[in-house]
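Peer 1: Here is a sequence with its predicted model. Questions after.
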Amino acid sequence: MITTLLFSLPHREAFLLGTGCIMLFILWQWLEFRNIECTISDEQLCYRHGVLTISTDYMELYRIIDYQENQSFMQQCFGLKNVTIVSGDYSSPTLTLIGIDNRMNVLAELRRRVEYSKRKRGVYEITNRI
C-alpha cells in the first residue's frame, strides 16, 4: 500500500532524491563521528578527526585556561556532548571536541592532568578581579 502510494506521487523522483540525500548526510555524519580520536597524555591533548582528510590538533596542557561542555537536543538523544577548551595557544585558542561520549568524564581527567602539567612546569595563573 505504501509503495503503491509512493510511486503514484507526481514528484516521486524529487522524493527519492531527497531521501537519498538525507541518507547520505546521515552516513557522512556517522563516518565523521566514527573517525574522532581524542588522546590526553601527560603533556598534551591530541584531537584527530576527519573522513577524507585527517586533521590532528595538538594542545599543550599547561596552556589550557577554561573548559565548557554543551549538548544539542540530538546529542542528548544519542548520549553525546561537545567539550570546548579555551587555551592560551596562539594557533588554536579554542578547541571543540565534538561527539564525545556523555558517559566519559573528560573534564575531570583533563582538569587533573592540566593541574599536574602546570605544577610540573611551574606555571601559575594570575587573574585581575574587580
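Peer 2: Okay, I see it. Here the structure is a predicted model, which is why all the values come from computation and not from measurement.

Peer 1: Please report how far the residue nearest the centre of the chain lies from residue 82.
Peer 2: A centroid search over the chain (C-alpha atoms, centre = their mean) returns residue 98, at 0.9 Å, as the residue closest to the centre. For residue 98, the distance to residue 82 (C-beta to C-beta, to the nearest Å) stands at 5 Å. Any C-beta I mention is one placed from the backbone N, CA and C, and that applies to glycine too.

Peer 1: okay, and the common contacts of the two?
Peer 2: With contacts defined as C-beta atoms under 8 Å, 6 or more residues apart in numbering, no residue is shared by residue 98 and residue 82.

Peer 1: Can you classify residue 75 by secondary structure?
Peer 2: Secondary structure for residue 75, judged by DSSP: H, G, I helix; E, B strand; the rest coil, is helix.

Peer 1: residues touching the spatially closest residue to residue 67 that is not a sequence neighbour, list them.
Peer 2: In space, not counting the residues next to it along the chain, residue 67 is nearest to residue 107; the distance is 5.2 Å by C-beta to C-beta, 6 or more residues apart in numbering. Counting by C-beta under 8 Å, 6+ apart, residue 107 makes contact with 67, 69, 83.
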